[in-house]
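*Asks:* 3D model of this:
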Amino acid sequence: MSEQTFNAPRVAQSHLHAHGRWRADARAYQDSARAALEACSLEAYRLRRLSGHQLCTFLDLPSRWDLHAVLKKHQISLYTLEDFEQDLATNEELRKKRQAEIPA
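*Replies:* Next up is the predicted model:
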């Protein structure tokens, strides 16, 4: 995995510090880096630019159960209204196709 770095603007540093995610020690820096990685990766997942498997890889999650826990923590639904609407449309198409195949 390649390493990415970025310089956070002062306003972002202030926000992270206010929420206890930015301190001078190395552990806090790692927590901040992890929070940034999670935020970017989760947004890509939300936009459907990453699959669940890719997200597990990016966040070094050992299982789908861990992925589900992270998604729940960040209030990201596994099955969205868009998914439901797509499934409903597919179901309707298949129903019509099946009805056309059945002799009257």
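
*Asks:* I'd say residue 71 and residue 78 touch.
*Replies:* Yes - Residue 71 is in contact with residue 78 according to Cβ atoms under 8 Å; the separation is 6.3 Å. Every C-beta, even on glycine, is put in place using the N, C-alpha and C of the backbone.

*Asks:* out of the two, which sits in the busier spot?
*Replies:* residue 71 (17 against 11; other Cβ atoms under 10 Å).

*Asks:* now do the buried residues in stretch 66-85.
*Replies:* 67, 70, 71 (16 or more other Cβ atoms under 10 Å).

*Asks:* ok, stretch 35-45 next?
*Replies:* 36, 38, 41, 42, 45.

*Asks:* restrict it to CA atoms and write it as CSV.
*Replies:* Taking C-alpha atoms only, stretch 35-45 is exported to CSV below (Å, rounded to 0.1, in the frame of the first residue of the first chain):
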residue,chain,number,x,y,z
ALA,A,35,-9.7,9.4,10.4
ALA,A,36,-8.7,11.1,7.1
LEU,A,37,-8.2,7.8,5.4
GLU,A,38,-11.6,6.6,6.6
ALA,A,39,-13.4,9.8,5.6
CYS,A,40,-12.0,9.7,2.1
SER,A,41,-12.5,6.0,1.6
LEU,A,42,-16.0,6.0,3.0
GLU,A,43,-17.0,8.9,0.8
ALA,A,44,-15.7,7.0,-2.2
TYR,A,45,-17.8,4.0,-1.1
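
*Asks:* what about that stretch, average pLDDT?
*Replies:* Average pLDDT, stretch 35-45: 89.

*Asks:* what's near enough to touch the residue most central in space within the chain?
*Replies:* The chain has residue 42 as the residue nearest its centroid, 3.0 Å off, counting by Cα atoms, centre = their mean. For residue 42, the contact set (Cβ atoms under 8 Å, 6 or more residues apart in numbering) comprises 55, 70, 71, 74, 76.
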